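1. Here you go, sequence then predicted model.
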Amino acid sequence: MSDTVLFALEAGLNGLTVGIMYSLVALGFVLIFKASGIFNFAQGVMALFAALTLVGFQTGQVPFSHLINAIFGAHVSDFGFTMPAFLAIILTVVVMVLLALLIERLVLKHLVNQEPIILFMATIGLAYFLEGLGDIMWGAEVKRLDVGIPQGMSSWVDETTYNLFGYGFYIDTLSLWALLIAAVLVTGLVVFSQYTKQGRALRAVADDHQAALSVGISLRFIWVLTWSIAGIVALVAGIMWGSKSGVQFSLSLIALKALPVLILGGFTSIPGAIVGGLLIGVGEKLFDFFMQPVIGGATENWFAYMLALVFLLFRPQGLFGERIIERV
Amino acid sequence: MLDNTQDGYVTADGRQIGPVVLELKNITLRFGGVEAIKNISFDIRTGEIRAIIGPNGAGKSSMMNVISGFYVPQEGEIIYKGYKRAKMAPYQVARTGIARTFQNIALFEGMSVLDNIMTGRMNLMKSGFLSQAMWWGKASREEDEHREKVEKVIDFLEIQHIRKTPVARLPYGLKKRVELARALAAEPQILLLDEPMAGMNVEEKEDMSRFILDVNDEFGTTIVLIEHDMGVVMDLSDRVVVMDYGKKIGDGTPDEVRNNQDVIDAYLGVSHDE
Amino acid sequence: MLYREAGDFKTSYASDNQTFPIRFDRAAYWVAIAAAFLVVPMVLGDYWANSIVIPFLIYVIAALGLNILIGYTGLLSLGTAAFMAVGAYATFKLTTAFPGMPIYIVFLLSGLVTSAVGVLFGLPSLKIKGFYLAVATLAAQFFLIWLFTRVEWFYNYSPTGQISMPERSMFGVIITGASASSTAVYFTCLIFTVAMAWLARNLTRGTMGRTWMAIRDMDIAAEIIGVNPLIAKLSSFAVSSFFVGVAGALTFGVYLGAAEAGEAFSINKSFLVLFMVIIGGLGSILGSFLGAAFLVVLPVLLKLMLVDGFGWPADLARHLEVMIIGALIIVVLIVEPHGMAALWRTIKEKLRLWPFPH
């Protein structure tokens, strides 16, 4: 195999890591969109907020310490203990569920019959609010996140590929773990929605709001449930991205790319979200690899959006979505 | 009885009906494998009130949508004012002088009654972009002229008191009337009314019937309407097309249709799988 | 009974259609215009000019533009900042290529260039709606900014990658560049803002505005009365982008003086303008003014109070501001989806009856 092909293959494989990240954020979108028809712009910021909270718990930070210090002239920063990763993760899950509860109580409940575009704009407001809240609670500096997922070059991949092609690929072990965790997460979700009572209720609501209500499913409960699950998915995304490049604001910007992922995968398809995310992750790396000499680098900034634009023009329902037929 | 010469006929109440203005020839419309309209032909004459009736799912609304350009039939042709109509978008159909209302009201909820009706005159207003941007010359003059015309429609339909009310705040019956006003403001040659009296009480129905007759009488507008209330249809219309399962099963004056055996069967629910 | 309309009868359709049908409003409008042109320049200091008044005037233009698109036509855009960047870079290229061109003409031409780009990115709106369109406009945001930071021709191969505005004057007054007085800048922005607001009002009151609103409220019904959706949507994109482009041209030309696309026109600026429109009032000219004023004043006020007053760290105040803005958006959408402009209307209706409640 020629070198170019090998390099391209390596670049593409590295795109998988980013792709999983996109997939996970997109997955959160799809869950909420299916259950409530809401296009949750804040999904990416939820990942940031979850990661910030996790680091905060792990390192024993005092929440709102900057604010407390500013108001009372105190000098508090942390409690002086560190928390085991699994305990911190459980506590963060609790926080995300509480957040879902609050969002339902304070926001969604009051916007029930509004047009989708109003709801969408409300979630943009929610994104801003959460971003500010996260920064005030835990501070805005870039944080290291480590929950014990192994990192660094995978020597196994390196050796195997060297033996095969005479050129060792550089793949981060973290990527392999991310792939595995994402697979477990998706399997878990499928099992949950197929085999539990709540899961069936969820699918019923996704299928037909009115009918689900008439058989006695509580819509408010379903909303809290989906937003909680979306919060947990956001936490997983936050952990992965945080482990890779630290917890920082850029996380929420990267999560914006979940939007084009949805257009590729369709707004209502879970497999679509996963495949779409991987496609865009790999696609943008390959595009950059081949186009860099021609039009310059950093095309990752826009490749996904332009691809989505092309899709919107020629296949608006995405790869897996249902065709939208408008009736007069 | 009808005098079906090229030049029209005289109705029972003495109105002169003109020549054919719109003719539908062998129209077939399919959605996927389902045939919503099966090889239907009929014509509409200038100045008449033409009704399309039939049980639910007979294809009446589809027929309306074919005439107004929302659906393009797979087979058949539409002859309008003597020429075969090319494939057109709904807005182009509107510009040829065909206006319509919808079964479930399609008003602009965010605008006032006045603005809604003014939109009906859109195609009659000619001022250019720059004139509008400067609000100078033609644009402002035209706005006043057309406002005057719209006020006449408002008077005619007796909705002066709600002129500046946002449409979203109106009750159902008044919304139906505003929608009619918007269609009238376009000064159409043919007015299509899709169930103009659906969901109305007796009093509102009487009002609406009166308006429809008046429109036909005063402006000479040709009217095509779909309606469920048989009493109303038979009173209002000059000729009736009856549809069932996408087929035409009757066509003629109200009396003729009333005595048509197929029509009676369709309405009494005789089994279809003979 | 300070505010009243009794006895103010209309005898022609023209007078019924005017912008301020109530005599009191008309008077207030002329007083405001007179004050803006005659009184404000006398008392305006550099600090207030640069931190509040000039950004306010420029943001009004951008908000008017975005409001035409979202509020009047119902097309959601998240790419406002990128279109502002188009206006800014067009101004840069035009002034450096044609040094003799009057600067006001440059600003207007920049608006027209933006208009063309806007129409291009507006094409998908013919097929898609709502948040699908939002994603399409994100493509504009990221692609255009990438273009302006990567393609050297756009910044005349300057080693810093920045564009900076050369000095230009009109009628002997320096308007752009470092030595322009804040009074000259103020008048430039004021003239543009007043003219653009007047344009926006004219375009939204007549056939064009009704066409846009018809598309917004129900596109199917719009077609049935003869609206060509292609022309309606693209004209909205064109007009909206023209406004946004002029705002970008002024931001770069007279306010910042130097800019780098990625910083000055990031996606956060797109959101800021969107928030102005939502808080001020969707589909309202007055709302664009109120929203711009509110979101320009809020950070300054918070900084004065928290940082200068209580000695808080600046970044903490900034985070609090982000949080407040986010919460406000949600509250406005819940309580009054038509924003401050609708609130103002309600107050006026109450005032009209005051002091007799019934």
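-> Now that the structure is in, tell me what you want to look at.
2. Look up phi and psi at residue B:247.
-> When read as degrees, to the nearest 10, the backbone of residue B:247 gives phi -110, psi 160.
3. Please pull out the lowest mean pLDDT helix or strand from chain C.
-> helix C:13-16 (a mean of 72; mean pLDDT, DSSP states H and E).
4. which outside residues touch it?
-> Outside helix C:13-16, the residues that touch it by Cβ atoms under 8 Å, 6 or more residues apart in numbering or on different chains are B:140, B:143, B:144, B:147, B:148, B:151, C:10, C:21. Quick note: C-beta positions are derived from backbone N, CA and C, even for glycine.
5. Buried ones in stretch B:7-23, by neighbour count?
-> Using 16 or more other Cβ atoms under 10 Å in any protein chain shown as the test for burial, stretch B:7-23 gives B:8, B:9, B:11, B:15, B:17, B:20, B:21, B:22, B:23.
6. Give me the nearest residue to the fourth one, chain neighbours excluded.
-> To tie it back to what came earlier, the one meant is residue B:15. residue B:47 (6.9 Å; Cβ to Cβ, 6 or more residues apart in numbering or on different chains).
7. where's the one you found relative to chain C, distance?
-> From residue B:47 over to chain C the distance is 23 Å, taken as Cβ to the nearest Cβ, to the nearest Å.
8. returning to that earlier point: among the buried residues of stretch B:7-23, name the ones in strands.
-> B:9, B:17, B:20, B:21, B:22, B:23 (DSSP state E).
9. which ones are touching the spatially closest residue to the third one that is not a sequence neighbour?
-> Translated: residue B:20. Spatially, and ignoring its direct neighbours in sequence, residue B:20 is nearest to residue B:43 (4.6 Å; Cβ to Cβ, 6+ apart). Residue B:43 makes contact with B:20, B:22, B:23, B:24 under the criterion Cβ under 8 Å, 6+ apart.
10. Doesn't residue B:43 belong to a helix?
-> No: checked against DSSP: H, G, I helix; E, B strand; the rest coil, residue B:43 lies outside a helix; its state is strand.
11. rewinding a little: mind picking the one among the ones in strands among the buried residues of stretch B:7-23 that's closest to residue B:74?
-> Taking Cβ to Cβ as the measure, residue B:74 lies nearest residue B:23 of these, at 18.2 Å.
12. what sits opposite the closest one in the beta ladder?
-> Beta-bridge partners of residue B:23, counted by DSSP bridges, are residue B:43, residue B:79.
13. pretty sure it contacts residue B:81?
-> No: taking contacts as Cβ atoms under 8 Å, residue B:23 lies outside contact range of residue B:81: 9.8 Å.
14. Cross the contacts of helix C:13-16 against helices and list the overlap.
-> Of the contacts of helix C:13-16, the ones assigned to helices by DSSP state H are B:140, B:143, B:144, B:147, B:148, B:151.
15. In CSV: those, plus pLDDT, distance to residue C:70 and neighbour count.
-> Shown next, in CSV, are these (pLDDT from 0 to 100; distance: Cβ to Cβ, whole Å; neighbours: other Cβ atoms under 10 Å in any protein chain shown):
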residue, pLDDT, distance to residue C:70, neighbour count
B:140, 83, 27, 20
B:143, 86, 25, 21
B:144, 87, 30, 14
B:147, 90, 28, 19
B:148, 89, 33, 9
B:151, 91, 32, 15
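16. Pull the contacting residues for the nearest residue to residue A:42 once chain neighbours are set aside.
-> Among residues not flanking residue A:42 along the chain, residue A:127 sits closest, at 3.9 Å (Cβ to Cβ, 6+ apart). Residues near residue A:127 by Cβ under 8 Å, 6+ apart: A:41, A:42, A:44, A:45, A:252, C:326.
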